[in-house]
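Participant: here is my input; please provide its structure:
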Amino acid sequence: MKTTNNSAAIVASILVALIIFWQVAAQAHWINGQLLGSPLGIFEVGVIALTKGQLLSDTWVTLAETILGLLIGSGLGIALGLALWFYPKASDVAEQFSILLNSVPKIALGPLIIIWFGSGMVSKIWLAIISTFAVAMISSCAAAKEVDPDLLNLFKSFKARRIMIFKKLIVPASVPWIFSILRINIGFALIGAVVGEFIASENGLGHFVFVSGSLFDLNSVWLGVIVLTLMAAVLTWVVKLTEERVVSWKAE
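Facilitator: Predicted coordinates for the structure are as follows:
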């Protein structure tokens, strides 16, 4: 615990030092504040965006798209990946298809998804689902295969049925993997949602960043990036906290 606290303090100190240096450099004209922005400028546009309600509205839209895409995409991928434990040969084929799907750049699918589902929230959720499904399926297939063979043999020696082995051994042993999958997929879901907002949207943080960049408002672009980073950090913290409560032995 002390090591974690010390690491967090070091990271926080470095960030504060960088922010101070950034602001001083912008005010002293060591760097071009219009091209790189400045912490004070970011704070000012943040206050304006909060006052107008735009920032909160865009944040909620992107957060909803990310969470729904994360839960649906990861849930389907995990469920299918674990269920394929019953069919080892089909598991190998499905895993190869998942790898192929995961190698497709999701931004290339963006225009197709927008055309099929429109420019509303549904298309962004679909992009988040597509971005998370393959990773979840590949990882959950691997989790089912990595179960301790000694425990598996023990169940078989007691003539346990496959459904019983799945419920009492495969699923519980895969729980730590499932939380790891969720942590990884937070970033993928967020990317999928933001990419969709970049392509066609009237709200969301991706739209906010895209419009700000088009207007060369670098402070607003930085504001959007910071909020997206904080969003990912908060979601990761929530998953980690949930994992510590569910997988209590791992926390200990």
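
Participant: contacts, neighbours, all on C-alpha from now
Facilitator: Will do.

Participant: for the host helix or strand of residue 238, enumerate the helices and strands it packs against.
Facilitator: Using DSSP states H and E, the element containing residue 238 is helix 218-246. Using 3 or more C-alpha pairs under 8 Å, 6 or more residues apart in numbering; DSSP states H and E as the contact test, the elements touching helix 218-246 are helix 33-36, helix 39-52, helix 171-199, helix 205-214, helix 248-251.

Participant: run through the residues that contact the closest residue in space to residue 189 that isn't next to it in sequence.
Facilitator: Closest residue in space to residue 189, ignoring its immediate chain neighbours: residue 128 at 4.3 Å, by C-alpha to C-alpha, 6 or more residues apart in numbering. Residues in contact with residue 128 (C-alpha atoms under 8 Å, 6 or more residues apart in numbering) are 65-66, 69-70, 73, 188-193.

Participant: flag the shaky bits of the protein, pLDDT-wise.
Facilitator: 1-6, 8, 33, 248-252 (pLDDT under 70).

Participant: walk me through the domains of it.
Facilitator: Following automatic domain parsing, one gets these domains for the chain: 1-31, 38-251.

Participant: out of the ones you listed, deepest packed?
Facilitator: Neighbour counts (mean count of other C-alpha atoms under 10 Å) averaged over each of the domains of the chain peak at domain 38-251, with a mean of 19.

Participant: list of residues touching stretch 93-111?
Facilitator: Here stretch 93-111 makes contact (C-alpha under 8 Å, 6+ apart) with 127, 130-131, 134-135, 137-138, 141, 192, 195-196, 199.

Participant: do stretch 162-174 as well
Facilitator: Outside of stretch 162-174, the residues that reach it under the criterion C-alpha under 8 Å, 6+ apart are 82, 86, 140, 143-144, 147, 151-152, 155.

Participant: can I get the contacts of residue 128 in CSV including distance to residue 120?
Facilitator: As requested, the contacts of residue 128 are exported to CSV (distance: C-alpha to C-alpha, whole Å):
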residue, distance to residue 120
65, 10
66, 14
69, 14
70, 18
73, 18
188, 19
189, 16
190, 16
191, 16
192, 14
193, 11
